[in-house]
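Participant: here is the input, now give the coordinates:
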Amino acid sequence: MRRVVVVGPGAAGKSTLAARLGEITRLPVIELDKLFWRPGLAPTPREEWAAIQRQLAGQESWIMDGDLGPYDVLSIRLQAADAIVFLDFSPFRCAWRAIRRSPEHADFWKWLLLYRHRSRPVLRQAIAARAGDAAVYVQPTPRGGLGDPDIHPESTGA
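Facilitator: You can find the predicted model right below:
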């Protein structure tokens with residue numbers, strides 16, 4: 001694995017997993033939230049965000065973590081990835097983690113609570129359509145690690 005995408009709902013632990021994978025693999029980790037959100041939590045304009053991702057995805061190796069929901073241009077990094085890790089955790093687990101970590105804005109809570117019905121199907125469809133030959137690992141719970149039974153390569157079905 002040289003190009004890894006980590007996606008999933010807010011507070012699932014994407015950044016934590018990406019950092020750990022970076023330690024293990026020595027691949028550079030790119031936390032997309034830090035690049036995307038501008039002061040005052042203003043989103044980067046879509047065309048500018050797409051250009052930034054094309055530049056990042058063109059690098060030789062990386063681990064990119066982030067799921068920006070309706071603001072995202074996910075296809076760029078999916079097409080460049082050779083592995084995709086989808087943290088498919090329940091909204092209740094993520095809500096509990098979010099409450100424990102820091103205060104969040106109303107937009108975050110709306111996105112998180114509607115993730116299963118809105119963002120998740122779009123994400124799974126994008127993976128099916130754009131991931132090409134990338135290995136896809138879906139982790140339904142925080143237990144385990146890559147290669148453990150809790151994360152398994154999955155077909156592109158929903």
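Participant: not counting residues beside it along the chain, what's closest to Met1?
Facilitator: Ala83 (4.5 Å; CB to CB, 6 or more residues apart in numbering). Yep, even glycine has a C-beta here, placed from its N, CA and C like the rest.
Participant: what about the helices in this structure?
Facilitator: Using DSSP state H, the helices of the chain run over residues 14-25, 32-36, 46-57, 74-80, 91-101, 106-114, 119-130.
Participant: re earlier: now do the contacts for the residue nearest to Met1.
Facilitator: 1, 3-5, 134-137 (CB atoms under 8 Å, 6 or more residues apart in numbering).
Participant: hmm, 7 Å instead?
Facilitator: Taking CB atoms under 7 Å, 6 or more residues apart in numbering, we find Ala83 in contact with 1, 4, 134-135.
Participant: rewinding a little: got the helices of the chain as CSV, with distance to Gly66 columns?
Facilitator: CSV is the format used below for the helices of the chain (distance: least, CB to CB, whole Å):
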stretch, distance to Gly66
helix 14-25, 7
helix 32-36, 3
helix 46-57, 10
helix 74-80, 9
helix 91-101, 15
helix 106-114, 13
helix 119-130, 12
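Participant: out of those, deepest packed?
Facilitator: helix 74-80 (a mean of 19; mean count of other CB atoms under 10 Å).
Participant: remind me what it packs against, helices and strands.
Facilitator: The contact analysis (3 or more CB pairs under 7 Å, 6 or more residues apart in numbering; DSSP states H and E) places helix 74-80 against strand 3-7, helix 46-57, helix 119-130.
Participant: residues making contact with the second one?
Facilitator: Contacts made with helix 46-57 from outside it, assessed by CB under 7 Å, 6+ apart, are listed as 30, 35-36, 62, 64, 73, 76-77, 80.
Participant: hmm, 8 Å instead?
Facilitator: Against helix 46-57 from outside (CB under 8 Å, 6+ apart): 3, 30, 35-36, 43-44, 62, 64, 71-73, 76-77, 79-80.
Participant: relative to strand 3-7, how tilted is that helix?
Facilitator: Following axes from the mean of the first three to the mean of the last three CA atoms, to 10 degrees, one obtains 140 degrees for the angle between helix 46-57 and strand 3-7.
Participant: circling back to that earlier point, of all the helices and strands packed on helix 74-80, which one is nearest Ser15?
Facilitator: Between Ser15 and those, the tightest spacing by CB to CB is seen for strand 3-7, at 8.2 Å.
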